[in-house]
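K.L.:
sequence and predicted structure are below.
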Amino acid sequence: MVLILSVSECPRCHGEVFEQFRSETGNRKGSCENCDYEYSKKQKVTAMMKEFELTEENSYSMACLAKKDGSSQVYLFESDRELDSRKFEKFQIDLRVLEDIDPQNSYFAMQHDYVFYVFYGQVPENFIEIYIENLKLYKLLLEAELTKG
């Protein structure tokens with residue numbers, strides 16, 4: 001099970017909505033503090049998402065810097081609140097300084113206690129698949145580095 005907490009746009013008043021997504025059910029719930037609108041919608045859940053379980057062995061935070069040319073760079077890093085805060089500060093600097101970055105398609109999700117907290121941007125609907133794919137690549141790189149040394 002993966003829980004993603006994020007801020008989104010209210011479909012009624014376009015204010016900020018606190019939204020949560022549960023991967024095992026595909027339910028997405030939102031609650032707007034501005035107009036008291038609450039909604040729930042079902043999102044299609046792929047088999048890969050149902051098979052994935054967040055554990056200590058695969059719990060990493062994730063940042064994505066999208067570029068204006070449509071490409072993006074994804075970063076996984078071990079979840080540690082202090083480290084995550086420093087990474088988030090660097091992420092915010094990169095958003096302001098790097099000219100080829102597309103801030104609207106970039107995001108930063110910190111993972112803590114088996115929950116992803118989205119601190120910047122909106123994660124795409126296929127966030128879990130992106131996370132799993134990058135986790136597999138990250139693990140391969142770690143294994144290659146360990147066998148090299």
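P.N.:
Looks like it came in fine. Numbers count the residues shown, from 1 in each chain.

K.L.:
element containing the residue most central in space within the chain?
P.N.:
Compute the mean C-alpha point of the chain, and by Cα atoms, centre = their mean the closest residue is residue 109, 3.9 Å away. Element membership of residue 109 [criterion: DSSP states H and E] is strand 107-112.

K.L.:
picking up where we left off before, for the residue nearest to the centre of the chain, give me its contacts.
P.N.:
Residues counted as contacts of residue 109 (Cβ atoms under 8 Å, 6 or more residues apart in numbering) are 4, 61, 62, 63, 116, 117, 118, 119, 123, 127. In this view, the C-beta of every residue, glycine as well, is placed from N, C-alpha and C.

K.L.:
6 Å instead?
P.N.:
Taking Cβ atoms under 6 Å, 6 or more residues apart in numbering as the criterion, residue 109 is in contact with 62, 116, 118, 123.

K.L.:
who are the neighbours in contact with residue 77?
P.N.:
61, 87.

K.L.:
ok but it is inside a strand, no?
P.N.:
Yes. Counting by DSSP: H, G, I helix; E, B strand; the rest coil, one finds residue 77 located in a strand.

K.L.:
what pLDDT does the model give it?
P.N.:
pLDDT, residue 77: 86.

K.L.:
for it, name its beta-bridge partners.
P.N.:
residue 61 (DSSP bridges).

K.L.:
check the gap between the residue nearest to the centre of the chain and residue 34 for me.
P.N.:
Counting by Cβ to Cβ, to the nearest Å, the separation of residue 109 from residue 34 is 24 Å.

K.L.:
tell me which element the closest residue to residue 114 other than its chain neighbours falls in.
P.N.:
Closest residue in space to residue 114, ignoring its immediate chain neighbours: residue 54 at 4.8 Å, by Cβ to Cβ, 6 or more residues apart in numbering. Secondary structure from DSSP H and E places residue 54 outside every helix and strand.

K.L.:
next up, phi/psi of residue 54, please.
P.N.:
Here is the backbone geometry of residue 54 (degrees, to the nearest 10): phi -80, psi 120.

K.L.:
okay, now it: neighbour count?
P.N.:
19 (other Cβ atoms under 10 Å).
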